[in-house]
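Peer 1: here are the coordinates; sequence isn't available:
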Ligand SMILES: NC(=O)c1ccc[n+]([C@@H]2O[C@H](COP(=O)([O-])OP(=O)(O)OC[C@H]3O[C@@H](n4cnc5c(N)ncnc54)[C@H](OP(=O)(O)O)[C@@H]3O)[C@@H](O)[C@H]2O)c1
């Protein structure tokens with residue numbers, strides 16, 4: 001792999017649609033590729049010419065695609081095969097390229113069913129009100145009807161609600177009332193249903209004060225699912241929660257449908273917990289809360305341990321080291337953990353060490369050089385600490401570390417360069433503050449860190 005992590009072997013997946021600039025899919029999928037150390041990358045393409053884009057998928061050997069608004073239905077015309085559910089729904093959000101044979105799937109439907117299962121909601125015989133009649137409504141209502149739910153569809157444009165209800169009635173042989181989305185029809189539908197699913201884009205950022213259901217209709221005993229995920233808690237969900245209803249936001253469905261696509265492309269189990277944490281971190285309103293701890297990251301030899309000791313005494317904070325905790329837990333030095341138990345075991349202990357450190361308060365945390373390899377570590381650290389990257393060139397790191405034997409380095413300069421290239425962008429990305437350390441003594445670096453920390457707090 002090259003310094004950027006992309007090289008001539010890199011496999012490509014992408015989302016196509018219009019617009020795609022705000023899609024969260026690249027973040028979720030690249031997180032999952034990174035989790036497994038796959039040499040895969042996920043991109044977003046704003047597409048004007050759908051036919052040309054699909055030809056490009058075949059021509060370039062793109063491994064997989066997600067398809068979003070407005071192409072979920074139009075894309076069917078260009079595929080070689082369809083999964084049964086996608087065919088019934090008439091919409092595709094995932095394409096798998098099997099050596100030039102493009103097969104379409106719909107993971108929105110299954111993703112939604114996984115949300116119900118997680119929330120302990122059994123759709124069989126349950127009354128659901130579907131708000132909206134667009135692409136997502138179609139996938140969700142088919143999945144629900146197939147699971148034996150009773151449905152009614154309410155949409156701003158009643159003709160589209162009717163069109164969807166006809167399809168459902170034809171397929172499942174049960175009546176599906178179709179109504180215009182207004183207060184009287186909502187009251188009527190609520191007499192026969194305990195679950196509302198919002199699939200309209202009402203309430204989606206920037207329309208954050210918009211809601212498809214007037215607050216006075218919400219009551220205890222209702223369950224309200226909103227598939228809008230930005231903001232994480234829409235006005236509909238806030239008002240439903242205040243009225244005593246059970247509420248479920250759209251991030252879970254987003255991650256589940258992404259996870260199912262990932263599994264179709266790679267055959268690996270999607271790291272849902274990490275994808276969820278990454279999505280939540282991205283969408284959560286950033287609180288400017290004061291953090292009274294700081295964590296030092298950087299490549300081996302960057303001077304973290306000496307600087308951490310000095311900063312701890314300068315700021316009067318307790319010093320904790322993740323490597324120290326790992327050694328305590330394993331009852332042996334890190335070198336031996338690597339040689340006897342392997343790196344994967346070390347990383348597992350390291351992840352536990354980060355969690356354990358964060359049970360404390362008012363700390364200077366000396367992080368092991370590879371802490372940044374696991375995004376959960378970074379997300380956890382960021383909850384309580386400002387992250388400082390002690391940046392130094394490879395030459396400096398090697399000079400500083402030359403008397404120490406480091407588990408991953410050995411004596412192979414090519415391996416050292418590879419590791420450095422791989423990790424440097426991760427340090428940069430995780431950092432709240434980057435401290436240039438080349439040419440500075442540990443005391444000078446520590447003073448810089450302490451000064452920057454004081455200005456943040
Ligand atoms: N969480 C997830 O995994 C996930 C997955 C897919 C979609 N989504 C979200 O679901 C929403 C809909 O996606 P989609 O693919 O179904 O889009 P779509 O096909 O364009 O459908 C949009 C739906 O929203 C309705 N709508 C739009 N503006 C409205 C307004 N001001 N008042 C009332 N209704 C309005 C439309 O009604 P008309 O028919 O009257 O135009 C239509 O029913 C988007 O916010 C999308 O981000 C989330």
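Peer 2: Now that the structure is in, tell me what you want to look at. In this text the structure is predicted, and so the values were computed from the model without any measurement.
Peer 1: Identify the residues contacting the closest residue to the ligand within the chain.
Peer 2: Distance from the ligand to each residue of the chain (C-beta to the nearest ligand atom) is smallest for residue 134, at 2.0 Å. Using the backbone N, CA and C atoms, a C-beta is placed for each residue, glycine as well. Neighbour list for residue 134: 160, 199, 200 [criterion: C-beta atoms under 8 Å, 6 or more residues apart in numbering].
Peer 1: My impression was that the first one belongs to a strand - is that right?
Peer 2: No - secondary structure of residue 160, determined by DSSP: H, G, I helix; E, B strand; the rest coil: helix, with no strand assignment.
Peer 1: And for the nearest residue to it once chain neighbours are set aside, the neighbour number?
Peer 2: Nearest in space to residue 160, with sequence neighbours left out and distances taken as C-beta to C-beta, 6 or more residues apart in numbering, is residue 133 at 4.0 Å. A count of neighbours around residue 133, defined by other C-beta atoms under 10 Å, yields 26.
Peer 1: thinking residue 133 is in contact with residue 152, fair?
Peer 2: No - assessed by C-beta atoms under 8 Å, residue 133 is found out of contact with residue 152, at 11.4 Å.
Peer 1: returning to what we had before: what subset of the contacts of residue 134 is also close to the ligand?
Peer 2: 160, 199, 200 (C-beta under 6 Å from any ligand atom).
Peer 1: Using CSV, lay out those residues together with pLDDT and neighbour count.
Peer 2: Output for those, formatted as CSV (pLDDT from 0 to 100; neighbours: other C-beta atoms under 10 Å):
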residue, pLDDT, neighbour count
160, 96, 17
199, 97, 27
200, 96, 25
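Peer 1: What is the nearest of these to residue 223?
Peer 2: Nearest to residue 223 out of those is residue 199 (C-beta to C-beta; 14.8 Å).
Peer 1: For that closest one, give me phi and psi.
Peer 2: Torsion angles at residue 199 (phi, psi; degrees, to the nearest 10) stand at phi -120, psi 10.
Peer 1: Am I right that residue 208 falls within a helix?
Peer 2: No - Residue 208 is assigned coil when assessed by three-state DSSP, not a helix.
Peer 1: how about stretch 267-278: buried residues?
Peer 2: 270, 271, 272, 274, 275, 276, 277, 278 (16 or more other C-beta atoms under 10 Å).
Peer 1: What sits closest to the second one if chain neighbours are left out?
Peer 2: Okay, so that is residue 271. residue 35 (4.4 Å).
Peer 1: And the last one, by the same measure?
Peer 2: The shortest distance from residue 278 to any non-neighbouring residue, by C-beta to C-beta, 6+ apart, is to residue 31 (4.6 Å).
Peer 1: Isn't the one you found up against residue 276?
Peer 2: No - Residue 31 is beyond contact range of residue 276, at 9.8 Å (criterion: C-beta under 8 Å).
Peer 1: The helix of greatest length in the chain - contacts with which helices or strands?
Peer 2: The longest helix of the chain (DSSP state H) is helix 413-430. Judged by 3 or more C-beta pairs under 8 Å, 6 or more residues apart in numbering; DSSP states H and E, the packing partners of helix 413-430 are helix 375-384, strand 385-391, helix 394-401.
Peer 1: 7 Å - rerun?
Peer 2: strand 385-391, helix 394-401 (3 or more C-beta pairs under 7 Å, 6 or more residues apart in numbering; DSSP states H and E).
Peer 1: Neighbouring strands - and their directions - for the shortest one?
Peer 2: Its sheet considered, strand 385-391 pairs with strand 293-297 (parallel), strand 433-436 (parallel) by DSSP bridges.
Peer 1: For the residue nearest to residue 278, give me its contacts.
Peer 2: 274, 275, 278, 375 (C-beta atoms under 7 Å, 6 or more residues apart in numbering).
Peer 1: Any residue of whichever strand or helix holds the second one touching the ligand?
Peer 2: Under the criterion DSSP states H and E, the helix or strand holding residue 275 is helix 272-283. No - using C-beta under 6 Å from any ligand atom, helix 272-283 never reaches the ligand; the gap is at least 10.1 Å.
Peer 1: what's the angle from that helix to helix 375-384?
Peer 2: 40 degrees (axes from the mean of the first three to the mean of the last three C-alpha atoms, to 10 degrees).
Peer 1: What residues sit buried inside stretch 383-393?
Peer 2: Those would be 384, 385, 386, 387, 388, 389, 390, 391, 392, 393, for stretch 383-393 by 16+ other C-beta under 10 Å.
Peer 1: what's the pLDDT at the last one?
Peer 2: With respect to pLDDT, residue 393 scores 85.
Peer 1: same thing with the first one?
Peer 2: According to the prediction, residue 384 has pLDDT 92.
Peer 1: who's in contact with it?
Peer 2: With C-beta under 7 Å, 6+ apart, residue 384 has these contacts: 291, 293, 358.
Peer 1: okay, the helices and strands packed on helix 413-430 in CSV with distance to the ligand next?
Peer 2: Listed next are the helices and strands packed on helix 413-430 as CSV, based on distance: least, C-beta to the nearest ligand atom, whole Å:
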stretch, distance to the ligand
strand 385-391, 30
helix 394-401, 42
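Peer 1: So for residue 10, which of those sits nearest?
Peer 2: Short answer: helix 394-401, nearest of the helices and strands packed on helix 413-430 by C-beta to C-beta, at 23.6 Å.
Peer 1: That closest one packs against which elements?
Peer 2: helix 413-430.
Peer 1: just the angle between the helix it packs on and strand 385-391, please?
Peer 2: For helix 413-430 against strand 385-391, the angle by the same axes, to 10 degrees is 140 degrees.
Peer 1: List the buried residues in helix 413-430.
Peer 2: Buried, per 16+ other C-beta under 10 Å, within helix 413-430: 416, 419, 420, 422, 423, 424, 426, 427, 430.
Peer 1: Which residues of this protein lie near the ligand?
Peer 2: Proximity of the chain to the ligand, by C-beta under 6 Å from any ligand atom, involves residues 69, 108, 111, 132-137, 155-157, 160, 181, 199-202, 204, 212, 227-229, 250, 253-254, 257.
Peer 1: Give me the pLDDT value at residue 417.
Peer 2: 81.
Peer 1: Report the separation between it and residue 298.
Peer 2: Distance of residue 417 to residue 298, given as C-beta to C-beta, to the nearest Å: 16 Å.
Peer 1: least trustworthy helix or strand in the chain by mean pLDDT?
Peer 2: The weakest-scoring helix or strand in the chain, judged by mean pLDDT, DSSP states H and E, is helix 394-401 (a mean of 75).
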